[in-house]
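**Q** Got a sequence here, can you model it:
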Amino acid sequence: MPVVKEGEALLKIRYCGICGADVASYTGNQPFTTYPRIPGHEFSAEIVEIPENDKGLKPGDIVTANPYFNCQHCYSCERGFVNCCTDNQTMGVQRDGSFAEYVAMPVERIYPGKGLSAQQLALIEPFSISYHAVSRATVKPTDKVLVVGAGPIGLFAVIAAKLKGAQVYSADILDGRLQMAKEYGADGVINTKTQDLAEETKRITNGNGFDVCIEACGLSETFLSCIDCAAYAANIILIGNGKKETTFLHSILLKKELNVFGSRNSYAKDFTDLIDIVASGKVDVMKMVSGIYPMDRADEAFKALAHNDGSLAKLLVEVSK
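**A** Model (predicted):
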């Protein structure tokens with residue numbers, strides 16, 4: 001049982017989602033993870049014990065929480081950019097995560113579930129990553145948006161951009177993933193294995209390029225494709241963790257006056273906004289779930305994602321009932 005400090009609540013974990021970073025930690029390919037480490041940062045929980053608070057939270061409530069711990073005194077934190085704290089500690093990466101029966105959590109990091117199921121709440125954190133990226137891109141209803149990569153984060157980016165009223169296109173090499181993008185409202189899809197992305201961009205945008213390009217793969221090739229497909233003065237958002245160094249002639253950024261943004265983690269407001277959005281019925285996050293495993297088969301879920309052929313989106317693990 002974890003030690004519960006002043007200002008913290010004791011949470012009983014209900015469901016955990018498995019993130020790409022969790023899989024990388026599992027396979028030993030996550031450069032930021034310190035070992036030994038309990039993985040997990042996408043979760044829902046039941047409150048077991050909690051001090052008096054102004055959020056109306058009480059024992060028995062089903063909640064989720066912000067897994068990105070920040071120091072609150074570095075230059076980033078002082079300016080309000082707590083998502084990119086220079087001493088950021090993410091659950092499951094730099095500190096133990098949510099694949100545990102119980103965790104202690106500062107009350108300020110806990111968000112009321114507002115009637116959402118424990119399964120739905122376990123999907124709020126990955127959704128928040130994409131939602132934050134789309135907010136960074138300042139997507140407008142008049143924009144044509146290209147999302148490159150249709151894994152869970154890319155799919156959530158499609159949803160987030162559609163919530164902004166934009167016309168959204170999804171690009172990937174897997175038809176199954178692109179079908180999911182269509183189900184989530186993508187206005188069009190591009191299979192870059194069988195279609196020429198540059199030609200499709202010209203056709204869709206009348207030769208202008210996309211107003212916003214969101215890179216959700218972390219590959220050099222897809223980043224460079226975003227540069228090529230972007231309109232002049234467009235916004236490019238990098239949400240996929242880079243896999244290797246990228247070399248290109250940067251004068252193209254000057255010529256097209258492109259705005260290139262990184263996007264890291266998310267804010268508390270992203271969590272609360274999305275809980276409200278999902279509670280309103282605007283988004284069915286459960287369509288993202290490809291399977292739910294009991295805790296005693298969690299290793300099977302990790303192995304399935306480690307060898308994913310693209311047919312799996314998000315897997316959940318039921319830690320407790």
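**Q** which residues does Ala161 contact?
**A** Val134, Ala137, Val139, Asp143, Val145, Val147, Val168, Val212, Ile214 (CB atoms under 8 Å, 6 or more residues apart in numbering). For glycine as for every other residue, the C-beta is placed from the backbone atoms N, C-alpha and C.
**Q** would you say it is within a helix?
**A** Yes - judged by DSSP: H, G, I helix; E, B strand; the rest coil, Ala161 forms part of a helix.
**Q** From Asn88, how far off is it?
**A** To Asn88, Ala161 is 26 Å away according to CB to CB, to the nearest Å.
**Q** Over to Ile110?
**A** Distance from Ile110 to Asn88, by CB to CB: 19 Å.
**Q** again, but for Asp284
**A** Asp284 is 31 Å from Asn88, by CB to CB.
**Q** quick one: which of those two has more around it?
**A** Asn88 (20 against 12; other CB atoms under 10 Å).
**Q** I figured the more buried one was touching Pro67, is that so?
**A** No - assessed by CB atoms under 8 Å, Asn88 is found out of contact with Pro67, at 10.5 Å.
**Q** The closest residue to Ala100 other than its chain neighbours - how many residues pack around it?
**A** The shortest distance from Ala100 to any non-neighbouring residue, by CB to CB, 6 or more residues apart in numbering, is to Ile38 (5.6 Å). Neighbour count of Ile38, defined by other CB under 10 Å: 14.
**Q** Now do the same contact list for Ile38.
**A** Per CB under 8 Å, 6+ apart, neighbours of Ile38: Gly92, Asp96, Gly97, Ser98, Phe99, Ala100.
**Q** Quick one, which of those residues are buried?
**A** Gly92, Asp96, Gly97, Ser98, Phe99, Ala100 (16 or more other CB atoms under 10 Å).
**Q** dump the residue contacts of the closest residue to Ile50 other than its chain neighbours.
**A** Using CB to CB, 6+ apart and skipping residues adjacent in sequence, the residue nearest Ile50 is Ala9, 3.9 Å away. By CB under 8 Å, 6+ apart, the residues touching Ala9 are Ile47, Val48, Glu49, Ile50, Pro51, Leu57, Ala104, Met105, Pro106, Val107, Ile110.
**Q** rerun that using 6 Å as the cut-off
**A** Ile47, Ile50, Met105, Val107 (CB atoms under 6 Å, 6 or more residues apart in numbering).
**Q** pretty sure the last one is in contact with Glu52, am I right?
**A** No - counting by CB atoms under 6 Å, Val107 stays clear of Glu52, with 9.4 Å between them.
**Q** When these two are compared, which one has more neighbours?
**A** Taking neighbours as other CB under 10 Å, Val107 and Glu52 compare with Val107 leading, 17 against 7.
**Q** Give the full set of residues in contact with the more buried one.
**A** Counting by CB under 6 Å, 6+ apart, Val107 has contacts Gly7, Ala9, Asn53.
**Q** Quick check: the first one vs Ala104, distance?
**A** According to CB to CB, Gly7 stands 10 Å off from Ala104.
**Q** domains in this protein, as residue ranges please.
**A** 8-122+284-318, 129-262 (automatic domain parsing).
**Q** Quick one: mean pLDDT for the longest one?
**A** This predicted structure assigns domain 8-122+284-318 an average pLDDT of 95.
**Q** Spit out the contact partners of Ala301.
**A** By CB under 6 Å, 6+ apart, the neighbours of Ala301 are Ile18, Tyr293, Leu315, Val317.
**Q** Of those residues, keep whichever come out buried.
**A** Ile18, Tyr293, Leu315, Val317.
**Q** And the strands in the stretch 101-250 of the chain?
**A** 102-106, 110-112, 144-148, 167-172, 188-191, 210-215, 230-238 (DSSP state E, counting those that start in this stretch).
**Q** So what touches the longest one?
**A** Contacting residues not belonging to strand 230-238 are listed as 133, 136-137, 208-215, 226, 256-263 [CB under 6 Å, 6+ apart].
**Q** Which of the residues you listed fall in helices?
**A** Among these, the members falling in helices (DSSP state H) are Ala133, Arg136, Cys226.
**Q** And the second one, how far from Gly185?
**A** So the one you mean is Arg136. Arg136 is 20 Å from Gly185, by CB to CB.
**Q** Please identify which of Gly7 and Ala104 sits among more neighbours.
**A** Neighbour comparison, Gly7 and Ala104: the larger count goes to Ala104, with 14 against 11 (by other CB under 10 Å).
**Q** so what's the more buried one up against?
**A** Ala104 touches Pro2, Val4, Glu8, counting by CB under 6 Å, 6+ apart.
**Q** ranking those residues by neighbours, who comes first?
**A** Ranked by the number of neighbours (other CB under 10 Å), the contacts of Ala104 place Glu8 first, at 20 neighbours.
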